[in-house]
Structure formats: structure tokens, C-alpha cells
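# below: sequence and its predicted model.
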Amino acid sequence: PVGGAGVFTIPGNCPKPRCAAALDVVLVFDETGSINDAEWQQLKDFGVALVDEFIVSPLETMFAVAYFSGVTYREDQDPARCCGLATAAQDFSADRNTVVNVIQAHAKAGGHTCIGCGINMGAKFWQNGVNPKRNLNAPKIMIVLTDGFNNRMTDFFAQEIADAKAQGITIYAVGVQNFD
């Protein structure tokens, strides 16, 4: 306050507030053929912006990154029961730059969409229900970034969600473009 007037001005160069919560967050990216290049960049930009909203450290938020897609199936295979792929790109990290670099550097694979494969891979970051990188039982958050068009291993999709929820993982889906 100046002269007791009760007016306080915040300088323009103050850093923006960031979330300091202790959280374990897995970002699961849809890198399939139904995501075009512009949408892929939107997903990556969103992932980076999300990481930037948190204090990334061993005592606050840690991030892991996974990607999912699918391969072409043979004529004798049922796409509802086969052909999904998921990749663990970055285990839990307490380093913001490491996480951002993994997101920014990853090239989209293309292929078919197996969202359940991504959820399954994302859940595997928690070994025996905990983040093995720290001795803290932080809330488990999985954010699936997708257009939502699931066309591989669809028979297992609901079970993958149920299994992740049974581990105490809260799942959020973020849609891009014309998501289903």
C-alpha cells in the first residue's frame, strides 16, 4: 500500500503461477494415421503447454510419455482382437526439459488406432501401483490425447480402462479436431 491507500500493483515481470501439487502424470499421445500433421502439432503443443503449467520436480509433478498406434492386420486376423501398438517413450521424469524434448522430437508413426493399447502402456508406468522413481504415493493421472477413433483391439478397450481405474488411475481424454 502506498500512503495507506490499499493499492498494490504487481510488477509485469512476475513469473506466472504454476501448479505445485505432487502428481504422477502420464501423457498418452495418439500418433495414428487419422491424426493429420496439423492435429499432431496441436497435440504436441498441448502436451508441452500442459507440462509448463506444473512445477516438475521429484517432490511435485513428474511426467511420463507414451504413444499409441497400430499395424495392418492379415486377412485371417480380427482387427477387434489384434494389431495394436504402444510405446513407452519417457519414464517418469522430474526434469521439465527432458519431458518437453521427448514430446517435441517425436515423429508421428501413423497406422491404425488402438486407444486401449495406449491406456495399457500408460498404466504400466506405475509398477505395483506406484511410481518407482519416488517414495511418494501421489495421485495417478493419465491424459489421453486423441481424435477418439478407436479401430484396433476394440474388444479389449473397456477392460483396459477398467484395469487402469482399478489401479487408482484417473483418466482424462482430450480430443483433437473431429474427435469421436
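Nice, I can see it.

# can you tell me the centre-most residue of this protein?
Leu27 (1.1 Å; Cα atoms, centre = their mean).

# wait, that residue sits on Val65?
Yes: Leu27 lies in contact with Val65 (Cβ atoms under 8 Å); the separation is 5.1 Å. (C-beta placed from N, C-alpha, C; glycine too.)

# identify the contacts common to these two.
Common contact partners of Leu27 and Val65 (Cβ atoms under 8 Å, 6 or more residues apart in numbering): Gly47, Ile103.

# show me what the residue nearest to the centre of the chain is bridged to.
Using DSSP bridges, the bridge partners assigned to Leu27 are Val65, Ile143.

# so which elements touch the lengthiest helix in the chain?
When the chain is scanned for its longest helix (criterion: DSSP state H), the result is helix 37-52. Judged by 3 or more Cβ pairs under 8 Å, 6 or more residues apart in numbering; DSSP states H and E, the packing partners of helix 37-52 are strand 24-30, helix 96-105, strand 140-146.

# just say which of these is most tucked in.
strand 24-30 (a mean of 27; mean count of other Cβ atoms under 10 Å).

# the host helix or strand of Val174 pairs with which strands, and in what direction?
Element membership for Val174, per DSSP states H and E: strand 169-175. For strand 169-175, the pairing partners within the sheet under DSSP bridges are strand 140-146 (parallel).

# which ones are touching Ile169?
By Cβ under 8 Å, 6+ apart, the contact set of Ile169 is Gly122, Ala123, Trp126, Lys140, Ile141, Met142.

# quick check: the farthest pair among the residues you listed?
For the contacts of Ile169, the farthest-apart pair by Cβ to Cβ is Ala123 and Ile141; their separation is 11.7 Å.

# find residues that contact each of those two.
With Cβ under 8 Å, 6+ apart as the test, Ala123 and Ile141 both reach Val26, Ile169.

# ok, and the helix or strand in this structure with the lowest average confidence?
Lowest on mean pLDDT, DSSP states H and E among the helices and strands of the chain sits strand 84-93, with a mean of 79.

# distance between that one and the chain's centre?
Remark: strand 84-93 is offset 10 Å from the chain centroid, using Cα atoms, centre = their mean, to the nearest Å.

# what does stretch 123-142 give?
In terms of Cα atoms, centre = their mean, the centre of stretch 123-142 is set 14 Å apart from its chain centre.
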